[in-house]
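1. how would this look folded up:
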Amino acid sequence: MQTTTTAVTSASTIPIQSSTTTIPSSYFSSETCSKWPSLCGTRSYKGTILLLLNSRNDQIYPNGKRTGWHFTEALLPTEHFLSNGYSLQFISETGTAFVDESSVEGEMADSYAQKIWKDKTHPIHSLVGQIKSARDVLPSYGGYVGLYAAGGHGCEYEWGLRDAKIGDVHRLIAAMYERGSVVGLVCHAPSVLNGVVLSNGTKLVSGKKVTGFSTSAENKMIKGILEEWQRMGILTVQQCIETNGGIWDEPKNPMGEHVIVSGRLITGVNPASAKKLAKEMVIMIDKQIELGGPVNYDKIVNKELGGQQLGGQGLGGQHLGGQSIGQQYGSQQLGSQQYGSQTLGSQQLGSQQLGSQQLGSQQLGSQQLGSQQLGSQQLGSQQLGSQQLGSQQLGGQQLGGTKLANEFSEKPSTLYSGEQQRNL
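-> Prediction:
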């Protein structure tokens, strides 16, 4: 099958900031806004969060019901995001989604979910009706302030395959996370991390503490499902995390509220954890908007560098050797790198030396870099001369006569590995 890649625009250079977008009247009906005034209206929103659903509709329950996305795990975060000033764009891999039937009717569905499922004036129904595919939003991923994914057993059938199929959802999550966005996944949704590869070739979940729906609870919920998954080559959530280098956090009570915050990756166990997870996301995104860029939760980004905010500073307008810092490396954006402990090439900008001075402690706001020489290249309109950047290499090339993009200009996207590049 022919390999295709999706071009990612320079949206990653956009600071994470309030968009103060006024939602058009067509977003919600007048009836919806009249009945649910706290969830919609004419007020302006701080930004838009992507809400990811799986696209599957498999018949897995003994009573014949079909799986899909879990209603409560989308409903409660939807209400929390809207009431706290964030608009939503629902997405899936295909642009279609089917609710898990057991989450809206029967003994496994809670009473509030059943009530709202029948009340078609609730905003969630309008939002699901305006769902887009991940491919639709991928080119403008920098315009969204976060991504939340609801669970449901459909996640396992779409993302939990032992031979993971890499789709636009995986590329979108990788791009948003590298930009500095917050990613929240609940219940079975962490299985989407199975195959999410960052631009430096590492798995997003590698080394991170993650929770999700426990293996011990699977057979209690649907008898024989683990044996069925083994025959089908489907991994449990725990297996998806551990085989990709993550650290699994087993909840003491699989049905109780439990959320793990691991930097900008936030995960929850079950429907009871969905609202708390959304609360953690709002706290983190609010702080990002306040600071104008990614927050130092992972100790990745120092809030200020010479009095200027990283992430809020417009690096895309400056030039290093004639190349815009925000310009693409294949499909990766240099502007989306976190300039603290994030490695750029094989060196860390937070620890490598600039001449004899450390970039991490040097104040670019007050330091006169215009008097230093760096391969007769220009930073903005300043001359940086013939001195190398601490004689270090960036991605194997020296800064001094070599354009930053050259090494990557003829390579395919590094958001996923060569074997995983395929046209889905």
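2. Glu280 is in contact with Pro77, correct?
-> No - taking contacts as C-beta atoms under 8 Å, Pro77 lies outside contact range of Glu280: 10.7 Å. C-beta: built from backbone N, CA, C; applies to glycine.
3. So which of the two has more stuff around it?
-> Neighbour count, other C-beta atoms under 10 Å: between Pro77 and Glu280, Pro77 has more, with 28 against 18.
4. OK, contacts around the more buried one?
-> Counting by C-beta atoms under 8 Å, 6 or more residues apart in numbering, Pro77 makes contact with 51, 148, 150, 184, 186, 274-275, 277-278, 281.
5. possible to save the residues you listed as JSON lines with neighbour count?
-> Formatted as JSON lines, these follow (neighbours: other C-beta atoms under 10 Å):
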{"residue": "Leu51", "neighbour count": "26"}
{"residue": "Tyr148", "neighbour count": "27"}
{"residue": "Ala150", "neighbour count": "34"}
{"residue": "Gly184", "neighbour count": "30"}
{"residue": "Val186", "neighbour count": "35"}
{"residue": "Ala274", "neighbour count": "29"}
{"residue": "Lys275", "neighbour count": "20"}
{"residue": "Leu277", "neighbour count": "28"}
{"residue": "Ala278", "neighbour count": "28"}
{"residue": "Met281", "neighbour count": "26"}
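6. Reformat those residues as JSON lines; add distance to Glu228, secondary structure and pLDDT.
-> Output for the contacts of Pro77, formatted as JSON lines (distance: C-beta to C-beta, whole Å; DSSP: H, G, I helix; E, B strand; the rest coil; pLDDT from 0 to 100):
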{"residue": "Leu51", "distance to Glu228": "29", "secondary structure": "strand", "pLDDT": "98"}
{"residue": "Tyr148", "distance to Glu228": "28", "secondary structure": "strand", "pLDDT": "98"}
{"residue": "Ala150", "distance to Glu228": "23", "secondary structure": "coil", "pLDDT": "98"}
{"residue": "Gly184", "distance to Glu228": "29", "secondary structure": "strand", "pLDDT": "98"}
{"residue": "Val186", "distance to Glu228": "23", "secondary structure": "strand", "pLDDT": "98"}
{"residue": "Ala274", "distance to Glu228": "26", "secondary structure": "helix", "pLDDT": "98"}
{"residue": "Lys275", "distance to Glu228": "31", "secondary structure": "helix", "pLDDT": "98"}
{"residue": "Leu277", "distance to Glu228": "28", "secondary structure": "helix", "pLDDT": "98"}
{"residue": "Ala278", "distance to Glu228": "31", "secondary structure": "helix", "pLDDT": "98"}
{"residue": "Met281", "distance to Glu228": "33", "secondary structure": "helix", "pLDDT": "98"}
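7. Name the nearest of these relative to Ile241.
-> Val186 (13.7 Å; C-beta to C-beta).
8. how far away is that closest one from His70?
-> Applying C-beta to C-beta, to the nearest Å, the value for Val186 to His70 is 8 Å.
9. So Thr267 belongs to a strand, correct?
-> Yes - counting by DSSP: H, G, I helix; E, B strand; the rest coil, Thr267 is located in a strand.
10. So which bits of stretch 250-262 are buried?
-> For stretch 250-262, burial by neighbour count (16 or more other C-beta atoms under 10 Å) applies to 251, 254-255, 257-262.
11. Do me a favour and get the end-to-end distance for it?
-> 15 Å (C-alpha to C-alpha, to the nearest Å).
12. And the contacts of it?
-> 208-211, 213-214, 216-217, 238, 249, 266-270, 272-273, 276-277, 280, 297.
13. Give me the buried entries from those.
-> Buried among the contacts of stretch 250-262 by 16+ other C-beta under 10 Å: 208-211, 213-214, 238, 249, 266-270, 272-273, 276-277, 280, 297.
14. Okay, and which of these map to helices?
-> 238, 276-277, 280 (DSSP state H).
15. Now list whatever residues contact both of Pro77 and Glu280.
-> Gly184.
16. returning to that earlier point: if we take the contacts of Pro77, which one ends up nearest to Ser102?
-> Ala150 (14.2 Å).
17. Tell me the spacing between the closest one and Pro139.
-> Taken as C-beta to C-beta, the span from Ala150 to Pro139 is 24 Å.
18. what does the helix or strand containing Leu226 contact?
-> Here Leu226 sits within helix 225-232, counting by DSSP states H and E. If you take C-beta under 8 Å, 6+ apart as the criterion, helix 225-232 is touched by 60, 156, 160, 215, 218-219, 235-236.
19. Any chance of a markdown table for those residues, columns secondary structure and distance to Thr243?
-> Output for these, formatted as a markdown table (DSSP: H, G, I helix; E, B strand; the rest coil; distance: C-beta to C-beta, whole Å):
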| residue | secondary structure | distance to Thr243 |
| --- | --- | --- |
| Ile60 | coil | 22 |
| Glu156 | helix | 14 |
| Gly160 | coil | 10 |
| Thr215 | helix | 13 |
| Glu218 | helix | 17 |
| Asn219 | helix | 20 |
| Leu235 | coil | 7 |
| Thr236 | coil | 10 |
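20. Top of these by number of neighbours, please.
-> Glu156 (28 neighbours).
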